[in-house]
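Novice: Return atomic coordinates for the entry below.
(2 chains, ligands or ions: 2)
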Amino acid sequence: MPAVSPGAGSHPAGGPRPADGRRGFPDGEARGRRGRPDTDAGRSYYGQPVLNPPTWAALDIAGYLFLGGLAGGSSALAAATEAKGIEGLGRPLRMGAAGAIGLSLVALVHDLGRPGRFYNMLRVFKPSSPMSVGSWILSVYGPAAIAAAVLDVVPLPGPLASARRPLQKAASVTAGLIGPVVTTYTGVLVADTAVPAWHGGYREMPFLFAGSAGSASGGLGLLTVPPMRAAPARRLAVTGAVAELTALRVMKARMGLPAETYDQGRAGRLMKAAETLTVAGTTGAVVGRRSRLASAAAGACLLAGSALTRFGVFQAGVQSAEDPRYTVEPQRARLAARPGSPSA
Amino acid sequence: MVATDAGWADSGPRMGFFTDTSVCIGCKACEVACKEWNHVPDDGLRFSGFSYDNSWGLGADTWRHVAFIEQRHPAPGAGDGLPAGDGLPAAGGELRWLMSSDVCKHCTRAACLDVCPTGALFRTEFGTVVVQSDVCNGCGYCVPACPYGVIDQRKEDGRVWKCTLCYDRLKVGMEPACAKACPTRSIQFGELDVLRAEAADRVEVLHRRGVAGARLYGDDPGDGVGGTGAFFLLLDEPEVYGLPPEPVVTTRDLPSMWKRAAVAALALAATVVAAAR
Ligand code: SF4
Ligand code: SF4
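Specialist: Ligands and ions are numbered 1, 2, ... in the order given. Sure thing, here's the model as predicted:
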């Protein structure tokens, strides 16, 4: 008999399918909806997801989305302020970029399970794979960002001593030029999947990520440099935060049904907290621009806001993949809109 | 065609599966044969409560999955052939038991293959899509890329696994294990063009017999994935079987995505330059 009373027929643990298999009831929400006559009953196979949800660990991948954005934006701002002879921001931002990209690489390797596996990324160059393109971008950007920071403080031995400054400058400029690309390609990375809340936002995701990166790297400047010297960071932070909030709004408005995952459950809580922090940070950056403490606090809020945005986007994607409605209903709507469709 | 596009000079015709669910009896011989031949590990024996289904869906350790749906047909009051209410047969209509053996679709435009950064996923000379497990680095990108929820990661080794359409058997001129084991010829293996023609005839026969709900799924080269190498004859809407009604390969939008990423990067660079004063 099709024993589909919620919970009763699921495996003994009653929750999601155990780690060795991934179908099952993702969370209480989807389980509650299962079998309700007015919603998706008959529109799905026992409420099971159509897609296999991402296997990535949030800490690794959402963490990387944030750190990569922070690094790319910081490298760009460091290089730009130095090119214009503005003092103070260059060094802390370069350090931040190197630290962030270093941590990113750790996160990415951790996600693969074994360090040696990263080499396979550079086995081929595939323009059809955003992850392949990204690996090549990182293989240039990462060393450049790290060299720019290290050569800034570590003296080179003997004959190389005189080469240190030019090398450092070249590395810094290279990282600054590639930095913006590091922040936006990840928007393509997540959007080029069947995950409804990610692919549904493919038009806006790169702008959302660029804004979030600007907000985070500007925030890092506010946190580490006295307010008098942090004006460029403040401008970038505010513009970035406004861009981030706007892009998110536009994305949700155009996405249709899966957009609601950004307001529900854990994703909803993360996005709400991110918005609060970003708005608070932006306000603090402007209002508290004469106070060291207020500026630093604003910077910290912006960094946290950017991080939570990435975790929220990640989580919304997972939630949208776990509920078959978000896959089926937009596709149904597309079919119905097709002229002369028999299944309309 | 797909094989020559992928660089095979002397490929034969494209091979595929036609799964005619109207004759499936739910014996699961295909699931068992697949496991045996391909040494697919245990996928956990957990009671699902989904009629006679105990393998839940396709995944790293389930390469053939037989779906079971019990429904009243026509559904009382609904009139659209969908099961009523919570899926429990209500009054009215006749009890009908749908069974369907699902498998990797071996898409013409395969998202998994497109996004794989290592080249582990490749197109064979038979036009099928296969993972080379010695190249896969477990990045997991193909998992959310597949619009059908087929390919998945095996937790123990981090790599991904799915149906190979028995690449090893095909190489020596044998048919895939599942098709060989299927007692009703619900799973048919052969040249894709031939299968498509036969399937079209079969739908016509069913329609003449009054099975109005019979329809082909994945046979259209004009669909969002360019047609599938494994296609189906279904008796109800695809989503009833857990299949997406109108899947697309998202790499279709990739050029536009790259353009937007470039514009966004330039906008960020311009903002940074403008801010640095
Ligand atoms: S069904 Fe999924 S796993 Fe199979 S070829 Fe298509 S995209 Fe790849
Ligand atoms: S998990 Fe393996 S097969 Fe899948 S995209 Fe990554 S390298 Fe390719």
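Novice: how many neighbours does B:Arg202 have?
Specialist: 18 (other C-beta atoms under 10 Å in any protein chain shown). Quick note: C-beta positions are derived from backbone N, CA and C, even for glycine.
Novice: Output the strand or helix carrying it as PDB, restricted to C-alpha atoms.
Specialist: Here B:Arg202, judged by DSSP states H and E, is contained in helix B:192-208. What follows is helix B:192-208 as a C-alpha-only set of coordinates in PDB (Å, rounded to 0.1, in the frame of the first residue of the first chain):
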ATOM      1  CA  LEU B 192      18.700   5.200 -31.100                       C
ATOM      2  CA  ASP B 193      17.200   6.000 -34.400                       C
ATOM      3  CA  VAL B 194      15.600   2.600 -34.700                       C
ATOM      4  CA  LEU B 195      14.400   2.700 -31.100                       C
ATOM      5  CA  ARG B 196      12.800   6.100 -31.700                       C
ATOM      6  CA  ALA B 197      10.900   4.800 -34.700                       C
ATOM      7  CA  GLU B 198       9.700   1.800 -32.800                       C
ATOM      8  CA  ALA B 199       8.600   3.900 -29.900                       C
ATOM      9  CA  ALA B 200       6.500   6.200 -32.100                       C
ATOM     10  CA  ASP B 201       4.700   3.100 -33.400                       C
ATOM     11  CA  ARG B 202       4.200   1.800 -29.900                       C
ATOM     12  CA  VAL B 203       2.600   5.000 -28.800                       C
ATOM     13  CA  GLU B 204       0.200   4.900 -31.700                       C
ATOM     14  CA  VAL B 205      -0.800   1.300 -30.900                       C
ATOM     15  CA  LEU B 206      -1.500   2.300 -27.300                       C
ATOM     16  CA  HIS B 207      -3.500   5.300 -28.400                       C
ATOM     17  CA  ARG B 208      -5.600   3.100 -30.700                       C
END
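Novice: close to chain A, is it?
Specialist: No: figure legend: helix B:192-208 not in contact with chain A (C-beta under 8 Å from any C-beta of the partner chain); closest approach 13.0 Å.
Novice: what does the average pLDDT come to for that helix?
Specialist: The average pLDDT for helix B:192-208 rounds to 98.
Novice: Report the buried residues of the helix or strand just after it.
Specialist: Sequence order places strand B:215-217 as the next helix or strand after helix B:192-208, per DSSP H and E. For strand B:215-217, burial by neighbour count (16 or more other C-beta atoms under 10 Å in any protein chain shown) applies to B:215-217.
Novice: Pass me the low-pLDDT residue ranges in the stretch 101-250 of chain A, would you?
Specialist: Scanning the stretch 101-250 of chain A with the threshold set as pLDDT under 70 gives no residue ranges.
Novice: Tell me the residue of it that sits nearest ligand 2?
Specialist: Nearest residue of the stretch 101-250 of chain A to ligand 2: A:Asn120, at 6.7 Å (C-beta to the nearest ligand atom).
Novice: Helices of the stretch 151-277 of chain B, start to end?
Specialist: For the stretch 151-277 of chain B, applying DSSP state H, counting those that start in this stretch gives helices covering B:167-171, B:177-181, B:192-208, B:254-275.
Novice: same for the helix ranked longest in chain A, what does it pack against?
Specialist: Counting residues, the longest helix found in chain A (DSSP state H) is helix A:292-322. Under the contact criterion of 3 or more C-beta pairs under 8 Å, 6 or more residues apart in numbering or on different chains; DSSP states H and E, helix A:292-322 touches helix A:58-83, helix A:164-191, helix A:196-199, helix A:205-224, helix A:231-255, helix A:265-287.
Novice: Could you confirm whether any residue of the fourth one contacts chain B?
Specialist: Yep, that's helix A:205-224 we're talking about. Yes: counting by C-beta under 8 Å from any C-beta, chain B is contacted by helix A:205-224 at A:206-207, A:209-210, A:213-214, A:218.
Novice: now, which of these sits nearest ligand 1?
Specialist: A:Pro206 (23.9 Å).
Novice: Next one: the closest one from A:Ala147, what distance?
Specialist: 27 Å (C-beta to C-beta, to the nearest Å).
Novice: of those two, who's got more company?
Specialist: A:Pro206 (30 against 19).
Novice: Please list all residues in contact with the more buried one.
Specialist: Residues in contact with A:Pro206 (C-beta atoms under 8 Å, 6 or more residues apart in numbering or on different chains) are A:184-185, A:187-188, B:257, B:260-261, B:263-265.
Novice: ok, back up a step: can you put the buried residues of strand B:215-217 in JSON lines and add pLDDT and distance to ligand 2?
Specialist: Listed next are those as JSON lines, based on pLDDT from 0 to 100; distance: C-beta to the nearest ligand atom, whole Å:
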{"residue": "B:Arg215", "pLDDT": "98", "distance to ligand 2": "31"}
{"residue": "B:Leu216", "pLDDT": "98", "distance to ligand 2": "29"}
{"residue": "B:Tyr217", "pLDDT": "98", "distance to ligand 2": "25"}
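Novice: for the residues you listed, which one is nearest A:Lys169?
Specialist: Nearest to A:Lys169 out of those is B:Tyr217 (C-beta to C-beta; 59.7 Å).
Novice: who in chain B is up against ligand 1?
Specialist: When proximity is defined as C-beta under 6 Å from any ligand atom, chain B approaches ligand 1 at B:104-107, B:110-112, B:129, B:146, B:148, B:150-151, B:162.
Novice: Is it possible to get CSV of these that adds distance to ligand 2 and secondary structure?
Specialist: Rendered in CSV, the data for the residues of chain B next to ligand 1 read as follows (distance: C-beta to the nearest ligand atom, whole Å; DSSP: H, G, I helix; E, B strand; the rest coil):
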residue, distance to ligand 2, secondary structure
B:Cys104, 13, coil
B:Lys105, 16, coil
B:His106, 15, coil
B:Cys107, 14, strand
B:Ala110, 11, coil
B:Ala111, 10, helix
B:Cys112, 7, helix
B:Val129, 10, strand
B:Cys146, 9, coil
B:Tyr148, 15, coil
B:Val150, 12, coil
B:Ile151, 7, coil
B:Lys162, 9, coil
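Novice: what's the nearest residue to A:Phe314 if we skip its chain neighbours?
Specialist: Sequence neighbours aside, A:Ala62 is the residue nearest to A:Phe314 in space, at 3.8 Å (criterion: C-beta to C-beta, 6 or more residues apart in numbering or on different chains).
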